[in-house]
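In: structure for this input, please:
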Amino acid sequence: MFNNLKIYCKKIVPLTDDELNIVDKYFEVKKLKRKDFLLQDGKVCNFIAFIANGVIRHFHIKDGVEKTCNISFENSWVTDFQSFTSGSSCVMNLQAMEPTIVFVIKKEDLYRLYNECHKYETFGRLMVEHAAQYATEIAMSLSSEKPEERFQNLLTKHPNIFQRVPRKYIADFLGIRPESLSRIQKRIHLKRKS
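Out: Got it, this is the predicted structure:
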């Protein structure tokens, strides 16, 4: 059932088949329809989820306006780390952009998994390090790259993003307006033609 999660785990930490099969008892499958929320602001985030298939948009609301912070695709982990670690209400929303399947582990089950197989503690630490590195990359990109560079980097990583995520959310994630995104696309298209 959790084959792509197991394959992903095995790439990060050397695990035996028995150790891999432990995840079967701690994770649950959750199917989301387009626009369903995995997490909404104001709730306490007591889980971490692995995206098996689909796309999740991370956003918060400031002055009544949605601000897209991230867009996560298959083989990514999603949570609100601040809420997860502190038990406070979250400000983050996690919303499916298309039909999405996630494997969810609750906080107390994560700790049980760590106790049952200590290799998963190493896996968890490596995942947190990866998440911190990715957050740093996003912050650096927003502060030092031009919008066109950010757009090209995003397209390199996710060439089919426009088929999966509405344009307004892509522009918001890049820190630009949808009209600016259209102009950037036209410039890139013209450069490629010439």
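
In: element containing K31, please.
Out: Using DSSP states H and E, K31 sits within strand 28-32.

In: what sits against the residue nearest the centre of the chain?
Out: In the chain, the residue lying closest to the centroid (C-alpha atoms, centre = their mean) is S72, at 3.1 Å. The contact partners of S72, taken as C-beta atoms under 8 Å, 6 or more residues apart in numbering, are 51, 55-58, 78. For the C-beta atoms, the positions are set from N, CA and C on the backbone; glycine is no exception.

In: now, these that are in strands?
Out: Counting by DSSP state E, those place 51, 56-58, 78 in strands.

In: show me which of the residues you listed is closest to E148.
Out: Nearest to E148 out of these is R57 (C-beta to C-beta; 22.1 Å).

In: pretty sure the closest one sits against T68.
Out: Yes - with contact defined as C-beta atoms under 8 Å, R57 and T68 form a contacting pair (5.9 Å).

In: H158: what's it in contact with?
Out: 71, 73, 164.

In: apologies, that question was intended for A49.
Out: Neighbours of A49 in contact, by C-beta under 8 Å, 6+ apart: 30, 38, 77-79, 94, 102-105.

In: ok, 10 Å please
Out: Contacts for A49 (C-beta atoms under 10 Å, 6 or more residues apart in numbering) come out as 27-28, 30, 32, 38-39, 56, 72, 76-79, 94, 100-105.

In: what's the answer for V78, then?
Out: 38-39, 45, 47-51, 56-58, 70, 72, 92, 94, 102, 104, 131.

In: go again using 6 Å as the cut-off
Out: 49, 56, 72, 94 (C-beta atoms under 6 Å, 6 or more residues apart in numbering).

In: among those residues, which two are most distant?
Out: Distance extremes for these: the farthest pair is A49 and S72 at 9.5 Å, using C-beta to C-beta.

In: so which of the ones in strands among the contacts of S72 is the closest to A139?
Out: Set against A139, the nearest of the ones in strands among the contacts of S72 by C-beta to C-beta is H58 (14.0 Å).

In: alright, that wraps it up for me.
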